[in-house]
Each structure stands twice: as C-alpha cells, then as structure tokens.
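Asker: Based on what follows, work out the 3D shape:
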Amino acid sequence: MLVARRADRLERLADELPTKAHALPCDLAAEAPSLLGQLADPGLDVDLLINNAGFGTSGPFLEHDPARDAEQIRVNCEAVVTLAHAFLPGMVERGRGGIINVASTAGMQPLPYESVYAATKAFVISFTDALHAELRGSGIRVLAVNPGPVPTEWQQVAGYDADRVGVVPGQIPAEQVVSESLAAFDDGRRSVIPGRTMRWLMRATRPSPRAIQLRVAERLYRPR
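Answerer: Purely as a prediction, here's the structure:
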C-alpha cells in the first residue's frame, strides 16, 4: 500500500514494483483518518509500516510561515503516531510485524535554521526508542532510520537551492538508505545511521558539549 500526495507518481511506482501494489493518494497533513478508512479491509493485515512521509522548512524561525510549520508537525509527528496507533494492535495480536520510522541525523541535536524540522525528527527518534523498549519480546520490531544528506526533493521543498544537498559530508543515494535500513530491521536493531561517513561523524561529535554543538551548527546552517 503506497501512500503519498501525488497519484501519478504512486501509480508509476506501483507498476514498477515486482509485487502487487496499491496506490492510495493522501495528504497526511489533513487526511490521515480517511486513509485509515481506505485500509479498513477485513482481509488486509499490515505487517510492516514504513513512516517515510515528511518534509522540512529552513531559514530563521521568525521568517517561517506558521501554518507551514504546523503542517510540518502534523506530517512528521502526528501522522507517525496516528498510523502506529492504527496498525500496532493488529501486529501485537498476531505476534509479528514491525514499524520503520524514518527520522534523521537532524534529530540528534538542535539545528538553528532548521529548528522545527530537527525538533520533529527528535520526536520521531524518542518515540521510536520508547516503542522499541515497550515491544521487546512481543515479536514486533521497531526501527528508527537516521539518514544524513540524501539527494531528493527534500532540499527544494525546504527552500534550499537545487544543488545544495547538505552542509555536512557523507551524501549517499536513497537506495543505500533503503538497503542498510532493511538489513538493520532484519537484525532487530533499534536505530541505524546509513552511510559510514555519517556514522563516524555523529559518533565523533556526540561527546561535545551541547553549547559547542549549537555554535558549530549555527555557523554551518546559517543562510548564505
């Protein structure tokens, strides 16, 4: 079951996949309850929920559109919780299943000029960690995926130039994020940072005091 806003892209993807796939156009910022109604098929069991929908905003917080930031919180946070509530009970009843929540390395520290986006991803990381602990031994696996820079449309939607993937090194393709994430899920891990460079960078900066992390991040992410 493929869910996103643009039906044409979903249908093309459904045709390309080597399995039966259904395209369900839905804007999760406003229509998550209607999506649950479409999935209420008595013969349909959701064994794996992948919460990958999300977007970001950038620039000084005082210049953000308040409505856009509220929409970002609904997609990046509220939809993740809503869909987990919808599908976890069935997984627990069957004694199998899993959730993969796509968070970000942005959620591992506050990011000036991506303040709301980083905060939403910190929420996803915390929520996923808690679910992983609660569901230990239930047969349900829960994984947080924390990519660094990946060349997608995220940058353009967030207001960056098309050629600006990220201000930190370690860019990897989306296909690598997928393969490393599925391997981590199969291993029953709680979280994964795809890409060797990003894993090294996050481990190297983790011991730094928060004040130093903030000063460095502010300089890196400051608008040109």
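Asker: where does this structure dip in pLDDT?
Answerer: The model of the chain has pLDDT under 70 over residues 40-43, 162-166.
Asker: can I see the domain layout of it?
Answerer: Per automatic domain parsing, the domain ranges recorded for the chain read 1-27, 47-221.
Asker: Helices along the protein, start to end?
Answerer: 7-16, 32-38, 66-73, 79-94, 115-134, 154-158, 174-186, 196-205, 210-221 (DSSP state H).
Asker: got TSV for those helices, with distance to M1 and mean neighbour count too?
Answerer: (Glycine included, C-beta is placed from N, CA and C.) TSV is the format used below for the helices of the chain (distance: least, CB to CB, whole Å; neighbours: other CB atoms under 10 Å):
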stretch	distance to M1	mean neighbour count
helix 7-16	10	13
helix 32-38	9	14
helix 66-73	23	14
helix 79-94	11	17
helix 115-134	21	19
helix 154-158	23	15
helix 174-186	17	16
helix 196-205	30	15
helix 210-221	36	13
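Asker: Nearest to N51, out of those?
Answerer: Taking CB to CB, helix 79-94 is the member of these nearest to N51, at 4.7 Å.
Asker: on that earlier part again, to L35, which of the domains of the chain lies closest?
Answerer: domain 1-27 (4.5 Å).
Asker: P33 is nearest to which of the domains of the chain?
Answerer: domain 47-221 (7.7 Å).
Asker: For the closest one, what is the distance to the chain centroid?
Answerer: Its chain's C-alpha centre and that of domain 47-221 lie 4 Å apart, by CA atoms, centre = their mean, to the nearest Å.
Asker: Can you say which of the helices of the chain is nearest to L143?
Answerer: Closest among the helices of the chain, using CB to CB: helix 174-186, at 4.8 Å.
Asker: Relative to G148, how far out is P207?
Answerer: For P207, the distance to G148 equals 19 Å [CB to CB, to the nearest Å].
Asker: meant to ask about T197
Answerer: 8 Å.
Asker: Give the residues shared as contacts by the two.
Answerer: G170 (CB atoms under 8 Å, 6 or more residues apart in numbering).
Asker: Compare P207 and G148 (neighbour count), which wins?
Answerer: Shown here are P207 and G148; by other CB atoms under 10 Å, G148 has more neighbours (23 against 6).
Asker: My guess is the more buried one contacts T105. True?
Answerer: Yes: with contact defined as CB atoms under 8 Å, G148 reaches T105; the gap is 4.9 Å.
Asker: With distance to L39 added, can I get the domains of the chain in JSON lines?
Answerer: Formatted as JSON lines, those follow (distance: least, CB to CB, whole Å):
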{"stretch": "domain 1-27", "distance to L39": "7"}
{"stretch": "domain 47-221", "distance to L39": "8"}
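Asker: Ok, which of the ones you listed comes nearest Q38?
Answerer: Among the domains of the chain, domain 1-27 comes nearest to Q38, with 5.6 Å by CB to CB.
Asker: now do the same end-to-end measure for the closest one.
Answerer: Its start and end residues considered, domain 1-27 measures 15 Å (CA to CA, to the nearest Å).
Asker: ok now it, how far from the chain's centre?
Answerer: On CA atoms, centre = their mean, the centre of domain 1-27 falls 18 Å from the chain's centre.
Asker: in this protein, which residue is closest to the centre?
Answerer: The residue lying closest to the centre of the chain (CA atoms, centre = their mean) is V102, at 2.6 Å.
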